[in-house]
Structures are given as structure tokens and as C-alpha cells.
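> Need a 3D model of the following:
(one chain, ligands or ions: 2)
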Amino acid sequence: MTIKENFELAKQAYAKWGVDVEEVVEKLKSVPISIHCWQGDDVAGFEVNQNELSGGIDVTGNYPGKATNAEELRSDLEKALSLIPGKHRVNLHAIYAETNGEVVERDQLEPKHFENWVKWAMENGLGLDYNPTLFSHPKADDGLTLSHPNEEIREFWINHCIGSRKIGEYFGRELGTPALTNIWIPDGYKDIPSDRLTPRKRLKESLDKIFAVETDKKYNLDAVESKVFGIGSESYVVGSHEFYLNYAMKNDKLCLLDTGHYHPTETVSNKISSMLLFSEKLALHVSRPVRWDSDHVVILDDELKEIALEIVRNDALDRVIIGLDFFDASINRVAAWTIGTRNMIKALLYAMLVPNEYLKQLQEEGNFTERLALMEEFKTYPFGAIWDYYCEKMGVPVRESWLEEVKAYEQEVLLKR
Ligand code: RNT
Ligand code: ZN
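Ligands and ions are numbered 1, 2, ... in the order given. Presented below is the predicted three-dimensional model:
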């Protein structure tokens, strides 16, 4: 049977439940995923004076072939993008600036340092997102940045964040699609603090200064990302969930929820509906924590499907900005991007193929038997046939055939670095 024949059969199975598969496929095309550039080089970046990765995050593995400059990274991203169906976005960090061999301090970065990225994004029909980098830097060595007791250090990072929002605005203006500029800081303490309030007060003041500078919402959207703990900040994180949730609500900013930044039994899927009741937009870093915030490659697990279901059931495909955040250096990095991103798209497709309206109705009627029965049966509906058809239609390799292309790229490009 051909992919098309399989698809036609599967389509009938879904049509029985009122799911219009053709419509779903059309809709899926328009959902962008923001692909994080930092999987391609183990969060190293290309600063002239490179610092070791810090901030309580860690990349393990030494798989050969990582990108060592922006051209290589763009080439690797292009390869991955050619294996992923749909039009997407690329998420940059300040450490990926191109400064022509010149040392440019982070608070001095300007749009011009990202001209090549913008030109490349234009040529490839991509949107860009951005992040100031408040780690891997001598001024972050104390484990404190925007909440540091030293005013000079705080000023440095405040200026870096202000400059970053201007770079995000520049991306948005040039590319005609707003950039999400996301602030994440590692600030916290290894051991039990004697004062939880003062650092949080300082973080609040720093953020107020950062956001006092206006950027155009048509081009730049501001987000803040919370965390529960990191390596070296096990006992206390200044920018906790409650901190940023309140800050974002009060100041009309977006909350960014990273799936690895909550207690192990706490799920992001269960937060989405509550967040959307109170804010227009929400951002995600979809990751996979294994026992800790380990940033493993995203797999098609139950929580990923549940996140996708929540986005779809809340009719929020244009309100939830989906970004990825994982970094695995123990496998081929182009494959890591491909696997994780394809899984995110697969999860969305899976969620869109569930008869969500009917299931909602069953719940309202109190018919929990049928609700559970159908939800379970739908897990084995022929969703793979629709996915294969989608890949074929979008001109990307079907099933595991993409791996051959990655292997060839590894031989021809990655292993020669
Ligand atoms: C760290 C945060 C943050 C980083 C990236 C590199 O725990 O998740 O988003 O992973 O900015
Ligand atoms: Zn994150």
C-alpha cells in the first residue's frame, strides 16, 4: 500500500468521529516551532573570549562534529530544517553574535552583530527569536546577575537585557514576524538562604528598569522564564515560578514555562489552561527532564501529547508560542534537532486528530466511562499514516528515512570539522 492509500483509509477512520483530516493537515502547516540554535554547539556560542558553560546547566557527551562557527551552525540548521515538515523559527542567544573577531562585551551588542543571521533567516523564510545570555560570563561567576548585590554588575546585565530587546525588535521588523525575547537568569543559592526577599526585590527592580525602555510589540514580545532549581542553586532560585507569574501578570509580559523547570510530578500541561485564562499569550520551552532538568531530546511521550492536547483543546495554537530547549552532546546534533522537532509536530498532529469537542461534551454530561474508553482507543488510531502523508506532502523524508540523510551529512560535513 502506498502512503496515500494508507492515508485515505486512516482518513475514513477519523472522519467517522467528525475529524476533518485535510483541514487538520492544512492547519498544522501554519504552526511554527521555535528551534533553539544551541543544540548545535552544546550551548558554547561563538564569543571571541569564550567562557565555560555556567549557570547551573550542563551538556554531557562528546559526539564529534559540533558547529564551531556561525556558518557551520547555519549549515547544520539548514540540514535539520530540510528534514522537518513546515516553516519554523530559529531561536538565538546573545553568545551567537558575529563580531568579526572583535571582542564585544554583551552590553555593547547591537543589531549589526546579527546581520548575517537575519539575512540567512530571510533567505530561508524563517522567523527569529532571541535571548540575552546571563551565564557563561565572569560577571555571572557568583551565580547572581540581575539580583546581584553589586550595583555595577546589575547595571551590566540590565543594559545587556535592554540591548537584547532592541535586537529582538530588529529581528521582528526585518522579518515581519515578532521575535520573542526571553530573559532567563541563573540567580540562586546552593544552600538555604537567610533572606529570600532581598534578591527578589532587586530582580524586580532590575526588570522594571529593563522594561522601562519601550519596544514595539509588533516586533518584539518580552518573556520571562522561571526555574525551580539548578546545579549550584539547589536551595533557592530568585526567579521562581510565583515570582515571574506575578511579575508577568502585573507588567503585561509573557510567562515562559520550561517543562524541565518544575517539581518532578508537576506538569506544564496542567498549567496551560489556567495561564491562558489570564493572559493573551504564553511561551513554552519544551524539554525533557530525566530525574532533573537534564534537557534530554524531546520524545513523543505522554506529557508531550498532553501539552499538545491542551494547546489544541484551548484553541490556542496562535496564543502559545512553542519553543524547544534541549541539548544532548552524546548523539548526532542534527539528528537531535530532527528527532525533537519532528516529535513536537507529531504531538500537535496527534492532538488535532482527537475528537476533542465530542470528548468535552462527554465530560459535561458526566459520561466518564465513554470519555476514558475513547481517549484510550484514540491512542492507537492510525495517526502514523497521517503523519507519513504529511511528511510526504511537505517534501521531507517519510518515517526513519531522514536518518540516511543525517548519516551522509555526518560523513561529508560533520566528521571533516
Ligand atoms: C536554563 C533555561 C534556559 C536555557 C537556555 C540556553 O535552565 O532552560 O532557557 O536552557 O537559555
Ligand atoms: Zn529553558
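> any idea whether A373 is helix, strand or coil?
Here A373 is helix, with the state taken from DSSP: H, G, I helix; E, B strand; the rest coil.
> same check, this time on the one 4 residues further on
Applying three-state DSSP to E377 yields a three-state assignment of helix.
> measure it to K79 for me?
38 Å (C-beta to C-beta, to the nearest Å). (Glycine included, C-beta is placed from N, CA and C.)
> Mind checking which of these two has more residues around it?
Shown here are E377 and K79; by other C-beta atoms under 10 Å, K79 has more neighbours (22 against 10).
> My guess is the more buried one contacts V334. True?
Yes: using C-beta atoms under 8 Å, K79 makes contact with V334 at a distance of 5.2 Å.
> Give the residues shared as contacts by the two.
V406, Y409 (C-beta atoms under 8 Å, 6 or more residues apart in numbering).
> in the sheet, who's paired with G127?
For G127, the beta-bridge partners under DSSP bridges are R89.
> can you offset everything so residue one is 313?
Okay, using 313 as the starting number, the last item reads as G439.
> Output the below-cut-off pLDDT ranges for the chain.
Nowhere does the chain drop to pLDDT under 70.
> for this protein, what spans make up the helices?
315-327, 333-341, 382-393, 427-435, 463-487, 509-524, 553-563, 581-590, 614-625, 645-664, 668-676, 680-690, 695-705, 714-724 (DSSP state H).
> List the residues that contact K431.
Per C-beta under 8 Å, 6+ apart, neighbours of K431: none.
> Pull up the residues of the protein that are close to ligand 2.
Residues of the chain lying close to ligand 2 (C-beta under 5 Å from the ion) are D570, H597, D637.
> which residues touch the last one?
Residues counted as contacts of D637 (C-beta under 8 Å, 6+ apart) are H348, D570, G572, H597, V598, S599, D607.
> near ligand 1 too, which of those?
Restricting these to those touching ligand 1 (C-beta under 6 Å from any ligand atom) yields D570, H597.
> Go through the contacts of D637 and name the one nearest K478.
H348 (21.1 Å; C-beta to C-beta).
> Excluding chain neighbours, what is closest to the closest one?
N403 (4.6 Å; C-beta to C-beta, 6 or more residues apart in numbering).
> what about E364, how many neighbours?
E364, neighbours per other C-beta under 10 Å, totals 6.
> ok, and the closest non-adjacent residue to it?
S448 (6.6 Å).
> Return the residues in contact with whatever residue of the stretch 413-562 of the chain ends up closest to ligand 1.
Closest to ligand 1 within the stretch 413-562 of the chain is W496: 4.3 Å, counting by C-beta to the nearest ligand atom. By C-beta under 8 Å, 6+ apart, the contact list for W496 reads N443, L446, V536, E537, K539, G551, L568, D570.
> A ChimeraX selection for the residues you listed, restricted to the buried ones, would help me check which they are.
Selection of buried members from the contacts of W496 for ChimeraX, criterion 16 or more other C-beta atoms under 10 Å:
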select :443,446,536,537,539,551,568,570
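> now, which of the contacts of W496 sits nearest ligand 2?
Lowest distance from ligand 2 to the contacts of W496 (C-beta to the ion) belongs to D570, with 3.6 Å.
> residue contacts, the closest one?
W496, E537, S538, K539, L596, H597, S599, D605, D637 are the contacts of D570 under C-beta under 8 Å, 6+ apart.
> One more: V430?
P423, L440, Y482, F483, E486, L487.
> Export the residues you listed as a markdown table, with columns for neighbour count.
Conversion of these to a markdown table gives the following (neighbours: other C-beta atoms under 10 Å):
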| residue | neighbour count |
| --- | --- |
| P423 | 16 |
| L440 | 26 |
| Y482 | 22 |
| F483 | 28 |
| E486 | 19 |
| L487 | 18 |
